[in-house]
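J.: sequence unknown, structure follows:
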Ligand SMILES: Nc1nc2c(c(=O)[nH]1)N[C@H]1C(S)=C(S)[C@@H](COP(=O)(O)OP(=O)(O)OC[C@H]3O[C@@H](n4cnc5c(N)ncnc54)[C@H](O)[C@@H]3O)O[C@H]1N2
Ligand code: MOO
């Protein structure tokens, strides 16, 4: 059995060269740019009015003759003499001769003459050509995570396709004779299968596009064949359950038989002691313990950084911080623990109900408190390492 820090350093040392793929901009949310984006236009492409009002060529009097109108989208350019201007609207092209835009609230209009009472200055309310970005400049660098704002920004520069690091194809293999799908009638000895939807949901949150689901009974041959099949079609394989030491836990044996290279098996931690991590051909494989809370904690702590690496991110893992404990906590046993908790401001409360089989605490937690192997009794007010869960 290895320690949590050793397991984390094995995960952090994994080298993966993510593949680059061209996708439609609308499908790129949450993915990482595989290229430097170079703007093909100035933005804005023309001098733009930032307000509804009048575009003027200033002179030394406070009244102006209005000789025309430019609405957003009009291509017209008016030639102006000092003391002349045009009616203009937000987003419209400012005539080349105009040197300011005055907002309509500051103007009294009579026929085609406007009078301005307040002081006005050159270059007011005009967005300069290329003010946001110039043609040929880098709009977003390689490695940037695309967000709704980033996608909007690139669309505003006329981009329709982007090169991104391709997210991995992920397999979820669920093992367990006792499992039935939610919606079916439970017979004696059965429980509802919940790990696969939990994993699928967290994968979707990470913008994984291809998730292939497999189901096997606790039976050696079919477990081995299903894992073999999953390896041939997926970059990352998540196996749920069957990784402990019982007579009907066949995952470890099947992985060995398939010549999987073991990177670690069993960590001195609670939950998630029997976690397995290995590689087979190009695929990475995690066998997650079947207990639902163990499965999710192992995902957040060990699988997530690998997925981020596979997706081309430059930072891995959930945010970690320190918070002050609201009550003292006695840790039993010598395993390191990840405890479901709630962060409130600068404090953190460890929640009741820490069993690996229980999810109700997880459902309302926003953090995990990490207590290392040697932290047996932790006093109220102690600063504890706290992992912030994605919301
Ligand atoms: N003799 C020992 N027994 C166990 C040990 C040990 O060291 N020695 N370790 C325990 C620990 S810690 C864990 S964690 C579990 C992990 O066991 P498995 O990974 O083999 O998981 P299963 O036995 O298949 O299932 C455990 C538990 O979780 C339920 N489960 C499984 N899959 C699902 C699912 N998809 N959805 C909902 N619930 C699921 C399952 O019914 C069991 O109750 O082993 C301990 N045993
Ligand atoms: O590691 Mo298990 O998840 O303690 O129950």
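T.: Arrived safely, thanks for sending. It should be emphasised that the depicted structure is a prediction, and the values quoted were computed from it without experimental measurement. Ligands and ions are numbered 1, 2, ... in the order given.

J.: Hmm, residue 228 is touching residue 258, no?
T.: Yes - judged on C-beta atoms under 8 Å, residue 228 makes contact with residue 258 at a distance of 5.8 Å. Yep, even glycine has a C-beta here, placed from its N, CA and C like the rest.

J.: So for these two, which residue has more residues nearby?
T.: Ranked by neighbour count (other C-beta atoms under 10 Å), residue 228 and residue 258 place residue 258 first, with 16 against 13.

J.: do you know how far the more buried one is from residue 278?
T.: 10 Å (C-beta to C-beta, to the nearest Å).

J.: Then residue 13?
T.: Residue 13 is 14 Å from residue 278, by C-beta to C-beta.

J.: Have a look at these two and say which one is more surrounded.
T.: For the pair residue 13 and residue 278, the greater number of neighbours falls to residue 278 (21 against 8), based on other C-beta under 10 Å.

J.: Are whichever strand or helix holds residue 361 and ligand 2 in contact anywhere?
T.: Residue 361 belongs to helix 360-364 when assigned by DSSP states H and E. No - judged by C-beta under 6 Å from any ligand atom, helix 360-364 stays clear of ligand 2, getting no closer than 12.4 Å.

J.: Tell me the confidence at residue 377?
T.: Looking at residue 377, its pLDDT is 85.

J.: Next, count neighbours for the residue nearest to it when sequence neighbours are not counted.
T.: Distances taken as C-beta to C-beta, 6 or more residues apart in numbering place residue 330 nearest to residue 377, at 5.2 Å, with adjacent residues excluded. Residues contacting residue 330 under the criterion other C-beta under 10 Å number 7.

J.: From ligand 2, how far out is residue 330?
T.: As defined by C-beta to the nearest ligand atom, to the nearest Å, residue 330 lies at a distance of 17 Å from ligand 2.

J.: Following the chain past the helix or strand bottoming out on mean pLDDT in the chain, name the next helix or strand.
T.: None of the helices or strands of the chain scores lower by mean pLDDT, DSSP states H and E than strand 377-378, at a mean of 88. Note on strand 377-378: by DSSP H and E, the next helix or strand toward the C-terminus is strand 383-388.

J.: Just the buried residues of that following strand, please?
T.: For strand 383-388, a neighbour-count test (16 or more other C-beta atoms under 10 Å) marks 384, 385, 386, 387 as buried.

J.: Who are the packing partners of that strand?
T.: When contacts are defined as 3 or more C-beta pairs under 8 Å, 6 or more residues apart in numbering; DSSP states H and E, strand 383-388 packs onto strand 320-325, strand 336-344, strand 367-371.

J.: top helix in this structure by residue count?
T.: Criterion DSSP state H: the longest helix present in the chain is helix 220-233.

J.: Following element in sequence after that one, please.
T.: strand 236-240.

J.: do that next one and ligand 1 meet?
T.: Yes - Strand 236-240 lies within reach of ligand 1 by C-beta under 6 Å from any ligand atom, at residue 240.

J.: how far out from the middle of the chain is the following helix or strand past that strand?
T.: Next along the chain after strand 236-240, taking DSSP H and E as the criterion, comes helix 251-257. What separates the centre of helix 251-257 from the centre of its chain is 33 Å, taken as C-alpha atoms, centre = their mean, to the nearest Å.
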